[in-house]
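Peer 1: show me how the following folds:
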Amino acid sequence: MAKAGAGLLALHLGAIATSAALIAAAAPGIGGRVWLAPLAFAPWFAVLRGLKPILACLCGLIMGLAYIVPGRWDTFAAGIAADGHTGFTQWLALWAFFAAFALPFALFGFVDAWLQRRFDIPAALTAPLRASVLASLICGLWSPFPYTPAAMLMDWPALLQPAALGGEVLILTLLLWPSAAVAALLHQPWSTHRTLGLLAPVTLIWLTAWLWGQHRLQAFDAAQARGGGQQLAALPLLLDLPTGTQATELTRDRPNVVRSALELTRAGLAQAPRCELAVWPETSLDINQTKIACSQASAMAKSLGLPLLLQCNRPELDRWLVTAEFLQPNARNEWGDVKWHAKSALVPFYEQPIFGGGPLLRGEYGTVFTLDAARRILPALCYELHSRNHVRAGVLNGANVVAHMASFSAFARHPIDIWDTGLARIRAVEFGIPILRAANRGPVGWIDAGGRAHSVGERLGRHSECLDVWLPDRTPTLHTWIAPVAPWLPGLFALALAWGWRRRQPII
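Peer 2: From the prediction side, this is the model:
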């Protein structure tokens, strides 16, 4: 009996380890083998079958940790260390951080086992039901950083397009469905009929999604070729500034030198005088150094002769706002007629403590800067891009391009910017809006409304180049309207389907 129990435990742990290895191999910034993604969760799905709810919950918790920890431990450890936590407190904070990502898997294990024991659901419906419920839990429950398995599809832009209809949760459901179907197949006696019954639906759905996605991307390209929409010539800056940077790394202006933010911008404009807007990234300067740099912002915009968008701080009683400042060349003074937006989504633990208010205040969602009647810019300060509330409010306020100002210096040189780019590509499709990216230690460029990245330069270094960003003439996507409830729709639909199916006697 003990040997049988040990063998069963080894089977479950082996299946979890296999899924974790496949996920890491498929994940951008780790393995990058995207073709493994559709089957990565199959071993874990397979061993969940038949477990009691509590054991399935434990199995899900282990799977969640195995999903999020490999390849990411050092990255987030660096971020927590940058906030001053080392040793035991760093270790404790890391496990609490990762536990938030594991929670959806644990809850799924419990719900999945309960459904198996209470309802006689056909195998053909089990796969989409399991995929939908897990996708809703991952997307619907809060997490400190919105790292998502859906980002594994970032290099298949055609399969990102369903996000315009139902958001991230819809493409995550598509991603998980093949794994759930293969897991169900492993528990069925072999027959061609059963195999087709399980694999044909998901194959047809994937093919339909891919064909529709290709059509949608071709429609974008055709509209651009016809001269529809608007063009924006913008210069996003790539910087490579560590923590503790001095203000002079932004403001210094020396002849024949190209190093500071101002010097890089001036050099980029010399190469492309057509440029209409300069966007600097969020930086790693502390509040005092930021104040020094921003006191010269109006003068720098005037010397450049074009609008400048940069990150500053504004005092608010005894606290601070992290702001995006939009300076026209004719701005009168430091705070005069400058338009500004305060960051509305603060980084949990880092900018927004769990207990207490912390030194920073939140701003309002959806501030839009007007370049002219046809180009309206939604500023997004780093983590703020991941706030659906902010992006949705901006789109509904008329924005037709996002200016993402990011800094990844807290994570040293780990590849968190790659994961951030994956989610940015999903956000672009969800809300049908291009994203211009300026970054400190991350790739710059722009992401079109179809989720395709047009990047220049490397992830690290210093670089400036004027880019022609296309802004399509499109109404808000369906997802824009349903975004507040979208994460829960597939899971609720699947549970309603299960409830409506013929109920059987519970197993005792």
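
Peer 1: and the residue nearest the centre of the chain, helix, strand or coil?
Peer 2: By C-alpha atoms, centre = their mean, the chain has its centre lying nearest to Leu423, at 2.5 Å. Three-state call for Leu423 (DSSP: H, G, I helix; E, B strand; the rest coil): helix.

Peer 1: just Arg259 next, same as before
Peer 2: Per three-state DSSP, Arg259 ends up coil.

Peer 1: gap between the residue nearest to the centre of the chain and Ile433?
Peer 2: Distance, Leu423 to Ile433, using C-beta to C-beta, to the nearest Å: 14 Å. All C-beta spots, glycine's among them, are computed from the backbone N, C-alpha and C.

Peer 1: swap in Thr192?
Peer 2: According to C-beta to C-beta, Thr192 and Ile433 sit 46 Å apart.

Peer 1: circling back: touching, the residue nearest to the centre of the chain and Pro146? I think so.
Peer 2: Yes: counting by C-beta atoms under 8 Å, Leu423 touches Pro146, with 5.8 Å between them.

Peer 1: need the overlap of contacts for the two.
Peer 2: Applying C-beta atoms under 8 Å, 6 or more residues apart in numbering, one finds that Leu423 and Pro146 are jointly contacted by His386.

Peer 1: average model confidence for stretch 96-110?
Peer 2: In this model, stretch 96-110 carries a mean pLDDT of 93.

Peer 1: and what of stretch 468-481?
Peer 2: 92.

Peer 1: now do stretch 384-403
Peer 2: According to the model, stretch 384-403 has a mean pLDDT of 95.

Peer 1: buried sites along the helix or strand where Leu11 lies?
Peer 2: Here Leu11 is covered by helix 2-26, with elements defined by DSSP states H and E. Neighbour counts over helix 2-26 (16 or more other C-beta atoms under 10 Å) mark 12, 15-26 as buried.

Peer 1: with neighbour numbers in mind, choose between Thr192 and Ile433.
Peer 2: Ile433 (25 against 7; other C-beta atoms under 10 Å).

Peer 1: wouldn't the more buried one be in contact with Gly450 here?
Peer 2: No: checked against C-beta under 8 Å, the pair Ile433 and Gly450 is beyond contact range at 10.9 Å.

Peer 1: which phi and psi does Gln231 have?
Peer 2: As for Gln231, its main-chain torsions (degrees, to the nearest 10) stand at phi -110, psi 140.

Peer 1: quick one: residues contacting it.
Peer 2: Counting by C-beta under 8 Å, 6+ apart, Gln231 makes contact with 468-471.

Peer 1: and what of Leu460?
Peer 2: 240, 413, 441.

Peer 1: tally of neighbours for the first one?
Peer 2: Summarising burial for Asp240: neighbours were counted as other C-beta under 10 Å, giving 18.

Peer 1: distance check, it against Leu460.
Peer 2: 5 Å.

Peer 1: quick check: neighbours shared by these two?
Peer 2: Jointly contacting Asp240 and Leu460 under the rule C-beta under 8 Å, 6+ apart are Arg441.

Peer 1: any idea how far Val257 is from Arg266?
Peer 2: From Val257 to Arg266 the distance is 10 Å (C-beta to C-beta).

Peer 1: do Pro487 as well
Peer 2: To Arg266, Pro487 is 44 Å away according to C-beta to C-beta.

Peer 1: the two: which is more packed in?
Peer 2: Pro487 (24 against 17).

Peer 1: look at that one and give its secondary structure.
Peer 2: helix.

Peer 1: cool, and Val469?
Peer 2: Going by three-state DSSP: Val469 is strand.

Peer 1: just confirm it contacts Gln230, I think it does.
Peer 2: No: using C-beta under 8 Å as the test, Val469 is too far from Gln230 to be in contact (9.0 Å).

Peer 1: settle it for me: which of the two has more neighbours?
Peer 2: Using other C-beta under 10 Å as the criterion, Val469 and Gln230 rank with Val469 on top: 22 against 17.

Peer 1: what are the C-alpha coordinates of stretch 255-273, in CSV please?
Peer 2: Once non-C-alpha atoms are left out, stretch 255-273 reads as follows in CSV (Å, rounded to 0.1, in the frame of the first residue of the first chain):
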residue,chain,number,x,y,z
PRO,A,255,28.5,69.6,-28.2
ASN,A,256,29.6,66.5,-30.2
VAL,A,257,28.6,64.1,-27.3
VAL,A,258,25.7,61.7,-27.5
ARG,A,259,25.1,60.2,-24.1
SER,A,260,22.5,62.0,-22.0
ALA,A,261,18.8,61.9,-22.7
LEU,A,262,18.9,65.4,-24.1
GLU,A,263,21.9,64.7,-26.3
LEU,A,264,20.4,61.5,-27.6
THR,A,265,17.2,63.3,-28.5
ARG,A,266,19.0,66.1,-30.2
ALA,A,267,21.0,63.6,-32.2
GLY,A,268,17.9,61.6,-33.2
LEU,A,269,16.2,64.8,-34.4
ALA,A,270,19.2,65.8,-36.4
GLN,A,271,18.8,62.5,-38.3
ALA,A,272,15.0,63.0,-38.6
PRO,A,273,13.8,66.6,-38.5
